[in-house]
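1. got a sequence here, can you model it:
(one chain, ligands or ions: 1)
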Amino acid sequence: MTKFSDLNLNPKVLKAIEEAGYETPTPIQAGAIPAALTGRDVLGIAQTGTGKTASFVLPMITALARGRARARMPRSLVLCPTRELAAQVAENFDTYTKHLKLTKALLIGGVSFKEQDKLIDKGVDVLIATPGRLLDHHERGKLILTDVKVMVVDEADRMLDMGFIPDIERIFGLTPFTRQTLFFSATMAPEIERITNTFLSNPERIEVARQATTSETIEQGVLMFKASRKDREGTEKRRILRALIDAEGDNCSNAIIFCNRKMDVDTVAKSLKKYGYDAAPIHGDLDQSQRTKTLDGFRAGDLRFLVASDVAARGLDVPAVSHVFNYDVPSHAEDYVHRIGRTGRAGRDGKAIMICTPRDEKNFEDVERLVQKTIPRLDNPLGDKATSRSEKPAADAAGQDTPKPDAATKTDKPKRTRSRSRKSDAPKEADAEKQPSKAREETPAPDAREPAQASAPAPQKAENTTARTGSSRGRGGSNRRSDNRDDRGGNKVVGLGDHTPAFIELSFEERET
Ligand code: AMP
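-> Below you'll find the model as predicted:
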């Protein structure tokens, strides 16, 4: 078995590794480090959790231990798709360079340019950045990339999902042709293959077995759920989620709850909080300081439920959790493996529970095909009450705090009869909206390259707008038509002139029968 001491790493780096408690290199480290140290390009096909960060940071800092950086001309560059991943790489860098005198700068959106400019001006050995913010600095003339000796592209498949590939190509073009490239991706989509063929030179290809199987220590279950009515799906699904959490009792010490869409991340977190659960959201549109605070709280055990989107959670080194709840079936089957891999770590038991609506069944089939097993079907913890219109919220039944009767509460407490005077609420609109494409599900963290995007969560706004537009045509639209009427303070139908067709005046109950 390879030992770290066999890898030709700088002795000060070896000391830091020992202090970090690592005994043996992981397969990606054993494969990538020697090749990178000889100056070769590396193509690492590996996922988070395989130790891939150290596989590029360790040889990089060993090479950088000699020489010094010049002002505005970093000697190496690490590109990451999200701010959290960039921050995590920076943390790794600090751990492994503790006995070396190397400098770094972290260029991510949501942080002032001034501080970042100061660091760049002094000269940095390693620049860790998200593509948008990096290009922004470059366009402002503050950064010159012609002295970059090593360039790392981390999580290239996520870069692709997030639409960053053109930025990556541009950045490649700004760095010298002679640079060494260390390129990591969990999958090799054709577009990724194209990039590697274009920008990597005879790379050493190291592939760590793709994790298509789920750990045996994770108990899995799925609840097949159909809402009583389309427009009640969100409300009822959130009620089911609470019941599933409650059913786990004290065994559920902490959990990550995954949603496919950012707007659902917000809605679910808000709803759980209203019902007295210790929950907070994390996704790309949230303010950086808020995201950091939430993650720190979760890591420290101060926060019990982290409601997350895939991109925000991907690659985050959070401690093992007792439970993972998939509020939605992921639209990419591999994400299921990533998501539930957060629990049942290091031989400990974990539990992964998923809710599957009829709309998710196709994705669910993909998940079962990938993991090559039948995920046990769970009984509905609410029995048929889950979809009963008169059922009180599970939180009441479980003796949880009863939420205050405000707008968000209304979302989760559907009334038996929906009258036209019922007020609208945003989460309701989200519930009835169609599944968006992957790209829209998770827009990149708002890098400051587009200032408007950084100051206001534009992608989120766009989603809301779409939801609203869709509401007049799509599923559940009838509900919102009545809401619109109420927003205008009366029963007048907007947009139909003076004539109101008779069917519009019928109540919902009458129309349904
Ligand atoms: P990564 O895949 O880079 O996100 O790493 C996942 C986790 O593995 C991190 O918490 C690292 O600190 C840890 N790690 C990396 N390399 C090793 C190693 N050789 N032995 C033990 N743990 C490691």
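2. ends of stretch 150-163, what's the gap?
-> Terminal residues of stretch 150-163 lie 23 Å apart, using CA to CA, to the nearest Å.
3. swap in stretch 365-381?
-> From its first residue to its last, stretch 365-381 covers 23 Å (CA to CA).
4. ok, and what's touching that stretch?
-> Under the criterion CB atoms under 8 Å, 6 or more residues apart in numbering, residues 212-214, 220-225, 240, 243-244, 246-247, 329-330, 333-334, 336-337, 353-354, 386 lie in contact with stretch 365-381. Every C-beta, even on glycine, is put in place using the N, C-alpha and C of the backbone.
5. may I see the PyMOL selection of the buried members of those residues?
-> A single PyMOL command selects the buried members of those (16 or more other CB atoms under 10 Å):
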select buried, resi 214+220+222+223+225+240+243+244+246+247+329+330+333+334+336+337+353+354+386
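6. burial of Thr38, as a residue count?
-> Using other CB atoms under 10 Å, Thr38 is surrounded by 10 other residues.
7. no wait, Pro11
-> Number of residues near Pro11 (other CB under 10 Å) recorded here: 11.
8. also Met188?
-> Met188 has 15 neighbours, counted by other CB under 10 Å.
9. got the contact list for it?
-> Met188 neighbours (CB under 8 Å, 6+ apart): 45, 196.
10. that one belongs to a helix?
-> No. Under DSSP: H, G, I helix; E, B strand; the rest coil, Met188 falls outside any helix and is assigned coil.
11. relative to Lys273, how far out is it?
-> Counting by CB to CB, to the nearest Å, the separation of Met188 from Lys273 is 41 Å.
12. swap in Ala186?
-> Distance, Ala186 to Lys273, by CB to CB: 33 Å.
13. more neighbours: which of those two?
-> Ala186 (24 against 18).
14. what's the distance between that one and Glu334?
-> For Ala186, the distance to Glu334 - CB to CB - is 7 Å.
15. swap in Ser55?
-> 20 Å.
16. and Glu204, by the same measure?
-> Glu204 sits 24 Å away from Glu334, going by CB to CB.
17. what do you get for Val371?
-> Using CB to CB, we find Val371 at a distance of 10 Å from Glu334.
18. contacts only, for the residue lying closest to Lys98 once chain neighbours are set aside.
-> Distances taken as CB to CB, 6 or more residues apart in numbering put Ala16 closest to Lys98, at 5.2 Å, once the chain neighbours are dropped. Applying CB under 8 Å, 6+ apart, we find Ala16 in contact with 95-99.
19. Glu248 too?
-> Taking CB under 8 Å, 6+ apart, we find Glu248 in contact with 323, 351, 353.
20. which of those come close to the ligand?
-> Applying CB under 6 Å from any ligand atom, the subset of the contacts of Glu248 adjacent to the ligand is empty.
21. what is the nearest of those residues to the ligand?
-> His323 (20.2 Å; CB to the nearest ligand atom).
22. and the pLDDT for Asp29?
-> Actually, residue 29 is Gln. It isn't Asp. Per-residue pLDDT puts Gln29 at 94.
23. name all residues that make contact with it.
-> Per CB under 8 Å, 6+ apart, neighbours of Gln29: 7, 51, 54-55, 58.
24. same thing but 6 Å
-> 51, 54-55 (CB atoms under 6 Å, 6 or more residues apart in numbering).
25. what secondary structure does it sit in?
-> Going by three-state DSSP: Gln29 is helix.
26. what separates it from Val208, distance-wise?
-> Counting by CB to CB, the gap from Gln29 to Val208 is 10 Å.
27. go on, Leu200?
-> Distance, Leu200 to Val208, by CB to CB: 18 Å.
28. would Leu182 count as being in a strand?
-> Yes. Counting by three-state DSSP, Leu182 is found in a strand.
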